[in-house]
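Peer 1: starting from these lines, generate the structure:
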Amino acid sequence: MKSLLIRDLILSKGLITYTLILIPLGYILSLPPFMISLAFILQVIILSIFFLDHRAGINSFVTSLPLKRKTIMISRYISFAIVWIFTVLYQFAVGQLLENLIPYAIYTFGWKEIVVLLSLGLLIIAIYIPLFVVTRSFVIPSTLILVCFFITFLISIDALVTVSGMTTSLIFNDLDQWIIPLIEEKIVVYPYLVLPILGLIFYGLSIAITTKAFQTKSSI
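Peer 2: Now for the predicted structure:
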């Protein structure tokens, strides 16, 4: 599994560089940090990794190796989790640093934002990976992801506007600050315990479903 993890992380090298540049740039340009990480980073990483795999036919090669298919799939989930945790912690660190350097106010993360961001990222990964494995296609799941993202974006904007009370004027870059109040409104009981538990449960179920599907197919 170690060699597979190293392969996935090397494959993500260019995307990690993209992340290292985009996050501080986003803060400097006052872009919403939740959108930066969930939309411009996580979505791009997932789609890019599976596009590269699909184009190179890498999974046909990997499945020809003397490795259990369960091990191959679990390593993919672990590598995504590592990259996502790094992204969130890096965004937190950059925000704390730039808060003291940038002459204007920026929205930085606290522990609540970190918990929510990590949990939402796990949920997104848990939903997306099975789409690629089950369909054995890049175009179909990518199209579904883009459509679902657009619908989710519109629903989220409407919910955030309602919570923020921005009925007469909308400041798009300030909507991120209302994600935590929205979460607390929708999940009344222990939201910062419930959300991570849901994220881990869905992640585990996704691994089980994807591994089962992967074991019955010749390649992704």
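Peer 1: so how far is Tyr27 from Ile16?
Peer 2: The gap separating Ile16 from Tyr27 is 18 Å, by Cβ to Cβ, to the nearest Å. Using the backbone N, CA and C atoms, a C-beta is placed for each residue, glycine as well.
Peer 1: those two: which is more packed in?
Peer 2: Set Ile16 next to Tyr27 and count neighbours by other Cβ atoms under 10 Å: Tyr27 wins out with 22 against 17.
Peer 1: and the closest residue to the more buried one other than its chain neighbours, what helix or strand is that in?
Peer 2: Distances taken as Cβ to Cβ, 6 or more residues apart in numbering place Leu98 nearest to Tyr27, at 4.9 Å, with adjacent residues excluded. Element membership for Leu98 (DSSP states H and E) is helix 69-99.
Peer 1: what residues of that helix count as buried?
Peer 2: Within helix 69-99, the residues scored as buried using 16 or more other Cβ atoms under 10 Å are 69, 72-77, 79-80, 83-84, 87-88, 90-92, 94-95.
Peer 1: helices or strands up against that helix?
Peer 2: Applying 3 or more Cβ pairs under 8 Å, 6 or more residues apart in numbering; DSSP states H and E, one finds that helix 69-99 contacts helix 2-11, helix 13-28, helix 43-56, helix 58-63, helix 111-135, helix 191-215.
Peer 1: tell me the mean pLDDT for the first one?
Peer 2: Model confidence over helix 2-11, given as mean pLDDT, is 71.
Peer 1: then stretch 209-220?
Peer 2: 70.
Peer 1: do stretch 144-155 as well
Peer 2: Stretch 144-155 carries an average pLDDT of 91.
Peer 1: any idea how far it is from the middle of the chain?
Peer 2: Here the centre of stretch 144-155 is set off from its chain's centre by 14 Å, with Cα atoms, centre = their mean, to the nearest Å.
Peer 1: again with stretch 85-101
Peer 2: Remark: stretch 85-101 is offset 17 Å from the chain centroid, using Cα atoms, centre = their mean.
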